[in-house]
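Trainee: I would like the atomic coordinates for the input below:
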Amino acid sequence: GHPQREKLQLLLRRSQEAKNSAYCPYSRFPVGAALLTAGGEIFSGCNVENACYSLGVCAERTAIQKAISEGHTSFRAMAIASDMGDNFIVPCGACRQVMREFGTDWDIYLTKADGTYVVKRLEELLPLSFGPEDLKK
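Mentor: As a prediction, this is how the structure comes out:
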């Protein structure tokens, strides 16, 4: 289920902290993400842009790649942070598909700059999705 209150507060804080490391000289749109593994570890990531725009990587994928590179493939939740004041930050389509690779049954905390959030299940953000199990059909 949902992370316990203390773990959730840490996850949200780590996503805000990760945003401060964003390398975004072109968009000036910093994003941070923090990923909670099934084992309780947190991996954070930020967006990293490139002069060749298509080579940039989003915060969500950075966090997932860091976790994967350390041997974690089972996730419980992710918090995403940005400086957007009026709207909740949402993951792009590419990030939703990368998240989907690791299941649909985990929580995504979408935040505003003031720290308020809404929680969505990944399956709500990417309905009727295609995943690894579909390759076995």
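Trainee: got the contact list for stretch 108-120?
Mentor: If you take C-beta atoms under 8 Å, 6 or more residues apart in numbering as the criterion, stretch 108-120 is touched by 2, 8, 11-12, 15-16, 77-91, 99, 107, 121-122, 125. In short, each C-beta sits where N, CA and C put it, glycine included.
Trainee: Next step: those residues restricted to helices.
Mentor: When these are checked against helices using DSSP state H, the ones located there are L8, L11, L12, S15, Q16, M99, L122, L125.
Trainee: Please tell me the pLDDT value assigned to the first one.
Mentor: Meaning L8. Looking at L8, its pLDDT stands at 96.
Trainee: wait, it sits on S15?
Mentor: No - look at L8 against S15 with C-beta atoms under 8 Å: they stay out of range, at 10.9 Å.
Trainee: What ranges does this protein have for its strands?
Mentor: Chain-ordered strands for the chain, with DSSP state E as the definition, fall at 31-37, 42-46, 75-82, 107-111, 117-121.
Trainee: Just tell me which of these ends up closest to I64.
Mentor: With C-beta to C-beta as the criterion, I64 lies closest to strand 31-37 of the strands of the chain, at 6.2 Å.
Trainee: what's next to the closest one, contact-wise?
Mentor: For strand 31-37, the surrounding residues in contact (C-beta under 8 Å, 6+ apart) are 3, 7, 11-12, 14-22, 24, 42-47, 58-60, 62-64, 66-67, 72, 74-82, 89.
Trainee: ok so, going back, out of L8 and S15, name the residue with the larger neighbour count.
Mentor: A direct count of neighbours by other C-beta atoms under 10 Å for L8 and S15 places S15 higher, at 30 against 18.
Trainee: Let's test this: mean pLDDT of stretch 80-92, rounded?
Mentor: Taken as a whole, stretch 80-92 has a mean pLDDT of 95.
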